[in-house]
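S.K.: Fold the following and give me the result.
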Amino acid sequence: MTAAPVLGAYLDHFAADPGVRAVKNRSLDLLAAASPATVLDLGCGAGHDLTPLASLVGPAGHVFGVDANAGMLALARTRLAPSTPVTLVRAHSHCLPFANASIAAVRCERLLLHDAQPHRTVVEMARAVVPKGRVVLTEPDWGGLALHHPDQSVTDRLLTGFTARNFATPQAGRMLPSLLRSAGLTPVLIEIQPQICDYDLIDMMVEFRDCAFWGEQQGLLSRGQSESWLSMLRSARDKGVFTCALPHFIAVGIKPS
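M.R.: Just a heads-up that it's a prediction; the model follows:
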């Protein structure tokens, strides 16, 4: 399998999670409230949300799905019916190929945490959206990940290492209001929704064994302590007491007229 199908399969699993689904549905409701004729789905990935967005704008409207990854766009194309009013565009979020004030609404989900300069992306959204247009952002905040473990101190250090290795801006969620404001948009809503993660889902995301191995390399754990840390997580799962939550921030900004 190529990288894109592997990533697509991961995103399929993630998108099916009830907590993620709730965040997606909330972002769609916030867009629908503005009745936009055109929507830009920035960082559309494998296209999970393009068909719902097309339904939102209706047959007279149009959706632009933008992603920098050609493989993801190819997967997205396979999910679309031929008559769906969606155009897929390969572009970087720092340089969008849209005229000033040409898009009625912008939606962006789980992109800014991978962006070392998220301000530049939000500025581009603000440039492209029409006056009084709506920008809806949703981002997890990996700095707020809560995972219970008997050895909480080591667990927190392992998770901090994971976020630093895997995300350019792991605390993007809590930054959304300030990012909107600094881009010239007026924040009108900020919400937080928790995603309750079961063992299998969070293990898929952070890969506990890789975290433990990294801890060994950093001198945080011996090999025996590493295996014990992993065993405690599995024990919590088997006893039905595994507890993990990831906060998702939802923010809406309006472009001044």
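S.K.: Pull the number of nearby residues for Asn72.
M.R.: No Asn there; residue 72 is Met. Number of residues near Met72 (other Cβ atoms under 10 Å) recorded here: 23. Backbone N, C-alpha and C define where each C-beta goes, glycine included.
S.K.: any idea how far it lies from Glu216?
M.R.: Note on Met72: its distance to Glu216, by Cβ to Cβ, to the nearest Å, is 34 Å.
S.K.: residue with max distance from the center of the protein?
M.R.: Using Cα atoms, centre = their mean, the residue of the chain lying farthest from its centre is Gly224. It sits 35.1 Å away.
S.K.: my read is that one is in a helix, agree?
M.R.: Yes: assigned with DSSP: H, G, I helix; E, B strand; the rest coil, Gly224 falls within a helix.
S.K.: any idea how far Ile250 is from it?
M.R.: Distance of Gly224 to Ile250, given as Cβ to Cβ: 43 Å.
S.K.: I figured Phe98 was touching Leu40, is that so?
M.R.: Yes: applying Cβ atoms under 8 Å, one finds Phe98 in contact with Leu40, separated by 7.0 Å.
S.K.: Those two: which is more packed in?
M.R.: Counted by other Cβ under 10 Å, Phe98 and Leu40 do not tie: Leu40 has more neighbours, with 28 against 19.
S.K.: Tell me which residues touch the nearest residue to Leu147 once chain neighbours are set aside, please.
M.R.: Leaving aside its sequence neighbours, Leu147 sits nearest to Cys244 (Cβ to Cβ, 6 or more residues apart in numbering; 4.5 Å). Contacts of Cys244 were listed using Cβ atoms under 8 Å, 6 or more residues apart in numbering, and they are 145-148, 196-199, 202.
S.K.: what comes up buried for stretch 118-136?
M.R.: Of the residues in stretch 118-136, 118-119, 121-130, 133-136 count as buried by neighbour count, 16 or more other Cβ atoms under 10 Å.
S.K.: follow-up on the earlier one: now the residue farthest from the centre of the chain: how far from Val154?
M.R.: For Gly224, the distance to Val154 - Cβ to Cβ - is 13 Å.
S.K.: Ala70 now?
M.R.: 40 Å.
S.K.: Just want to know which of those two has more residues nearby.
M.R.: Between Ala70 and Val154, Val154 has the larger neighbour count (other Cβ under 10 Å), namely 17 against 11.
S.K.: For the closest residue to Thr243 other than its chain neighbours, grab phi and psi.
M.R.: Using Cβ to Cβ, 6+ apart and skipping the chain neighbours, the partner closest in space to Thr243 is His148 (4.3 Å). When read as degrees, to the nearest 10, the backbone of His148 gives phi -80, psi 140.
S.K.: Can you give me the neighbour number for His148?
M.R.: Residues lying near His148 (other Cβ under 10 Å) number 13.
S.K.: same question, the one 5 residues further on
M.R.: As a burial measure, Ser153 scores 9 neighbours (other Cβ under 10 Å).
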